[in-house]
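Engineer: please work out how this folds:
(2 chains)
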Protein chains: 2
Amino acid sequence: MGNISLQLIRELSNTTPSKIVLLVIDGMGGLPDISSGKTELEAANIPNMDGLAAMSICGLSDPVSPGITAGSAPGHLALFGYDPVTYHIGRGVLEAMGIDYPLQSGDIAARGNFCTIDKNGFITDRRAGRISTEQSSQLCDLLNNMNIDGVSLYALPVKDHRMALVIRGDNLNHNITDSDPQKTGVTPLKVKANSPEAERTASIINKFLERARDILASHNPANMLLLRGFDEKPKFPTVSEIYKLKPAAIASYPMYRGLARAVGMEVLETGPAIEDEMSTLKKSYDSYDFFFIHIKETDAQGEDGNFEAKVKVLEHVDRILPEITGLNPDVIIVAGDHSTPAMIKGHSWHSVPVLIYSKWCRPDNVRQFTESACIYGGLGRISATDIMPLAMANALKLNKYGA
Amino acid sequence: MGNISLQLIRELSNTTPSKIVLLVIDGMGGLPDISSGKTELEAANIPNMDGLAAMSICGLSDPVSPGITAGSAPGHLALFGYDPVTYHIGRGVLEAMGIDYPLQSGDIAARGNFCTIDKNGFITDRRAGRISTEQSSQLCDLLNNMNIDGVSLYALPVKDHRMALVIRGDNLNHNITDSDPQKTGVTPLKVKANSPEAERTASIINKFLERARDILASHNPANMLLLRGFDEKPKFPTVSEIYKLKPAAIASYPMYRGLARAVGMEVLETGPAIEDEMSTLKKSYDSYDFFFIHIKETDAQGEDGNFEAKVKVLEHVDRILPEITGLNPDVIIVAGDHSTPAMIKGHSWHSVPVLIYSKWCRPDNVRQFTESACIYGGLGRISATDIMPLAMANALKLNKYGA
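Structural biologist: Numbers count the residues shown, from 1 in each chain, chains lettered A, B, ... in the order given. Alright, predicted model coming up:
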């Protein structure tokens, strides 16, 4: 990884009229299909991406470090230039951020699942038969706005059986264990403080869970709640503070909207389709100088092990690429937050192709935007955290370091 | 960057008869010319460098970190193996180094401008009408060699209205504010201590500035002096301490002589031409085991945006290269401190070609010493700070780490 700190980047950054577009194709990197011997990118017909690669400097990026499989949060934080080992966001906080909930400084958040317990209190279904978001909303209404020992608790529906709990008050501490045992046939756990300072928070959560059991008792199959991933809203320097950018995020999935918000991006309203995201980009293009555009479907198809469907999504993204290049941004980056090979049906550690296009990029000889071609790119194998400094440099937004 | 510290290199280094020559071609890396599509190195006819590259291991180096444009000081410190973020040289010290002034340990240095003030003491011209270096020298003579409270002050002409002030004595502290308000229409500022330990130094500087005003009063337009960037001569471990080398620097430009002196190299007398530097090398070849040779003109032509002239300098360097190879050093490194593309007319962030020749280098397939060819080199894309450890290893001067 580059050895430059965000503090130094902050000292060197300055605002100019140039614009940067960061297109993140979630889980882009892949592995060869056994029959064809080609990865998803190699199998896809992506003439626009290949053409852009030919005018760009290319390489392979490691989201965290070689061999480390990145989750969505570290994968994206790295692409935004934040060392994902130093800058950590807990899952509870991500869940709350992902539903556009305005977390305040000091808030604690946890992820929750409505679940089913039997007469003896043993968990029989951790997902309560995957009840609908609508049902989940009604149950959250029953649990919402409690006040326990002077602390406010907010129950927020997320999707299907998933919810988030936000705890707001003085002297809270997130260093407590989960109530979710992550298996059936056992009772939900009491949460425990991992340090003396967290005793009070643990006690409040246990009281909340007792009340929740009483309230939910008659709402079978969603007659209980499991909580995990307690965390405090992190205090990160924002993209505006570090890079002096006016950043906008175009993402339809809540998690990525939350991640963008965590680093201070303005999250634009957009629809679920790639075309919706392109409309949003065009409509807002004059108002910002940095755009993070997130494409989710590649990752979803990779997770499902659907090689062909992932190829189709890549081809779909390729067809809309001219809508981005047509705006003539000064810098275009096409990157992935991690690999999600259909062969693995999940995130993987494999390095991810990346291209950086600008008038000043010093193009290499890479002519195809694939894993095997990007090996020979001028960027070599870089840390994903180096991508933003390179983008800033190519946008001529970084001053010289030292005399 | 590699994850080895100078401390570890120090523990592993040992003295042997082998010799290392580090040829630094300042601002060597470039960008393609629009009409030819070739960079300066690609356009140049450099058969000797190409031939050496064919026998060497090649790669691309990042002076500070990907995307970061290095100034001359961090660019050179990195080539000498010092992390340029950890090892910092202040502007005042660089200014004094830049005129070849032999700073001593504990010396404080500041940059100065002669300026014009009106009857009421308000600054009307921060540059005193850009008086000549000759006028500046005469004024410095008037201010030079003062002794205030047991401390010696040296006023040194730099160029035009620019000068440097060196303060030498016991218990000095550089943590004081500037007297230069960096604008006109106000009076010069009194310097202030930022910490109690700097009170005495601040008081001495204010006394000096009062005396300077009296002395300069009749020398309109240069009737006052502004100081900024107070800094102490850094205490770096020397090249001899770290690498156990007996190092010599062959550089004609003051700044690079100063940088070499800052890391404890012996700076040899030499003339301004590349041929002069070669004579110096030959004359002193038996007396040292490490030579830093600095070529300035590539950078100067790049800064001027003169693509053809930069190509010509590269070809000139190529013609003298046999004078280096003819001495049969055990290790030859050809590197740059940063890129200075004529297209950008300034330093840039682009990675810089590097070659390391030795009997033990394990040559790659690179046959041309260019940006595009070095992408495929066996070194890959490395931090410039890794070059010295590689040179030491190739000179068989580094012991095994661990059992």
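
Engineer: next, count neighbours for the residue of the stretch 101-250 of chain A found nearest chain B.
Structural biologist: Nearest to chain B, among the residues of the stretch 101-250 of chain A, is A:Y243, at 11.3 Å (C-beta to the nearest C-beta). Every residue, glycine included, has its C-beta placed from N, CA and C. A:Y243 is flanked by 29 other residues according to other C-beta atoms under 10 Å in any protein chain shown.

Engineer: and A:A78, by the same measure?
Structural biologist: For A:A78, the neighbour count with other C-beta under 10 Å is 29.

Engineer: related to what we said a few turns ago, contacts only, for the residue of the stretch 101-250 of chain A closest to chain B.
Structural biologist: A:I9, A:R10, A:S13, A:G81, A:F290, A:M388, A:M392, A:K397 (C-beta atoms under 8 Å, 6 or more residues apart in numbering or on different chains).

Engineer: other SSEs contacting the lowest-mean-pLDDT helix or strand in chain A?
Structural biologist: In chain A, no helix or strand scores lower on mean pLDDT, DSSP states H and E than helix A:91-98, which sits at a mean of 86. The contact analysis (3 or more C-beta pairs under 8 Å, 6 or more residues apart in numbering or on different chains; DSSP states H and E) places helix A:91-98 against strand A:108-117, strand A:151-159, strand A:162-168, strand A:224-232, helix A:254-262.

Engineer: Three-state assignment for A:I215, please.
Structural biologist: Under the three-state scheme (DSSP: H, G, I helix; E, B strand; the rest coil), A:I215 adopts helix.

Engineer: that one against A:C140, yeah?
Structural biologist: No: counting by C-beta atoms under 8 Å, A:I215 does not reach A:C140; the two are 10.9 Å apart.

Engineer: more neighbours: those two, which one.
Structural biologist: When A:I215 and A:C140 are compared for neighbours, A:C140 comes out ahead with 20 against 15, by other C-beta under 10 Å.

Engineer: that one should be in a helix, yeah?
Structural biologist: Yes: A:C140: assigned to a helix according to three-state DSSP.

Engineer: re the thing from before, nearest to A:A260, of the contacts of A:Y243?
Structural biologist: Comparing the contacts of A:Y243 against A:A260 with C-beta to C-beta places A:F290 closest, at 10.7 Å.

Engineer: how many residues are close by the closest one?
Structural biologist: The burial count for A:F290: 28, using other C-beta under 10 Å.

Engineer: cool, A:L327 as well?
Structural biologist: A:L327 has 16 nearby residues by other C-beta under 10 Å.

Engineer: could you measure from it over to chain B?
Structural biologist: Here A:L327 is placed at a distance of 23 Å from chain B (C-beta to the nearest C-beta, to the nearest Å).

Engineer: and A:G27, by the same measure?
Structural biologist: Counting by C-beta to the nearest C-beta - A:G27 and chain B are separated by 24 Å.

Engineer: hang on, that residue packs against A:G302?
Structural biologist: Yes: using C-beta under 8 Å, A:G27 is in contact with A:G302, at 4.6 Å.

Engineer: which parts of the stretch 201-350 of chain A are strands?
Structural biologist: A:224-232, A:247-250, A:266-267, A:290-295, A:331-335 (DSSP state E, counting those that start in this stretch).

Engineer: can you redo the ones you listed as JSON lines with distance to chain B and mean pLDDT?
Structural biologist: Conversion of the strands of the stretch 201-350 of chain A to JSON lines gives the following (distance: least, C-beta to the nearest C-beta, whole Å; pLDDT from 0 to 100):
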{"stretch": "strand A:224-232", "distance to chain B": "30", "mean pLDDT": "95"}
{"stretch": "strand A:247-250", "distance to chain B": "17", "mean pLDDT": "98"}
{"stretch": "strand A:266-267", "distance to chain B": "24", "mean pLDDT": "95"}
{"stretch": "strand A:290-295", "distance to chain B": "15", "mean pLDDT": "98"}
{"stretch": "strand A:331-335", "distance to chain B": "11", "mean pLDDT": "98"}
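
Engineer: distance to A:W360 added to those, as TSV?
Structural biologist: Output for those, formatted as TSV (distance: least, C-beta to C-beta, whole Å):
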stretch	distance to A:W360
strand A:224-232	40
strand A:247-250	21
strand A:266-267	27
strand A:290-295	17
strand A:331-335	9
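
Engineer: and B:N173, which of these is closest to it?
Structural biologist: strand A:224-232 (40.2 Å).

Engineer: Three-state assignment for A:L41, please.
Structural biologist: The three-state assignment at A:L41 reads helix, by three-state DSSP.

Engineer: once you drop chain neighbours, what's closest to it?
Structural biologist: Nearest non-adjacent residue to A:L41, counting by C-beta to C-beta, 6 or more residues apart in numbering or on different chains: A:T370, 4.5 Å away.

Engineer: identify the residues contacting the one you found.
Structural biologist: A:T370 neighbours (C-beta under 8 Å, 6+ apart): A:T39, A:L41, A:E42, A:P353.
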